[in-house]
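>>> just the structure for this:
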Amino acid sequence: PYSHSVGKQSHNWPEALAKKFLATDRNGDPAASYAGGFTYDLFNPEARAYAWDAMQKGYVDQYGLHHWWLDCDEPCGGTNNGSYATDWLYNSGKWPSSFVGAAYPQMLDLTVYEGMGAPGKQYEKDNVMLGRAGWAGSQRFGGAVWSGDTQSTWEDFNQQFRAGLNFVMTGIPYWTTCVCCTVHVIVLGTLSNCER
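From the prediction side, this is the model:
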């Protein structure tokens, strides 16, 4: 699972479930995200603090990480019926995803910012997060965005220029593309699929 989700096999699962730190689906069940995890309700400040504590212990304390690739921060997931998280509920079941779901990436950026990048924190001047999604103001918390997986085709290469120019007009200055795919097109001239 990703930094903003927790799996049933995790030692964090029982407490996260008991304290209702997870987003829920329309049936009130924990919101199933990608790769077998369940998504934290990061609109809840207590859930953000809990998720950050897990990130701190699992990544910062052990490995000294302080730059993040927060993939699947849209977030990825859904009820596997094609809804793709559009039926989720946040803020202890009070806010529907249709109302606030697009701002979830900013809540993830805020989680890391509050944990390590806010004034007085250890990495106040060196806090960067690369995500696949963003929201207005994400740059305040160190959020940068990449365009997501692309294909190594001339058409996708052309679209990346337009996407980047349009994206930076939102006020978020840090944007990048899937470099491995772009390199295939520019340098190698190949049309193969992007491989990580």
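>>> mind checking which residue lies nearest the centre of the protein?
Centrality entry for the chain: nearest residue to the mean C-alpha point is Asp73, 2.0 Å, by CA atoms, centre = their mean.
>>> cross-check the contact I'm expecting between that residue and Leu130.
No - taking contacts as CB atoms under 8 Å, Asp73 lies outside contact range of Leu130: 9.6 Å. In short, each C-beta sits where N, CA and C put it, glycine included.
>>> now do the buried residues in the helix ranked longest in the chain.
Across the chain, the longest stretch assigned as helix under DSSP state H is helix 154-168. For helix 154-168, a neighbour-count test (16 or more other CB atoms under 10 Å) marks Asp156, Phe157, Gln160, Ala163, Phe167 as buried.
>>> where in the chain is pLDDT low?
Where the chain drops to pLDDT under 70, the residues are 1-2, 78-83, 179-196.
>>> how about the strands of it, start to end?
Along the chain, counting by DSSP state E, strands occupy 5-7, 37-39, 67-70, 89-90, 95-96, 128-131, 143-146, 175-176.
>>> deepest-packed of those, please.
Comparing the strands of the chain by mean neighbour count (mean count of other CB atoms under 10 Å), strand 37-39 ranks first with a mean of 27.
>>> show residues contacting it.
Outside of strand 37-39, the residues within contact range by CB atoms under 8 Å, 6 or more residues apart in numbering are 1-2, 4-8, 13, 16, 22-23, 30-33, 75, 77, 85, 88.
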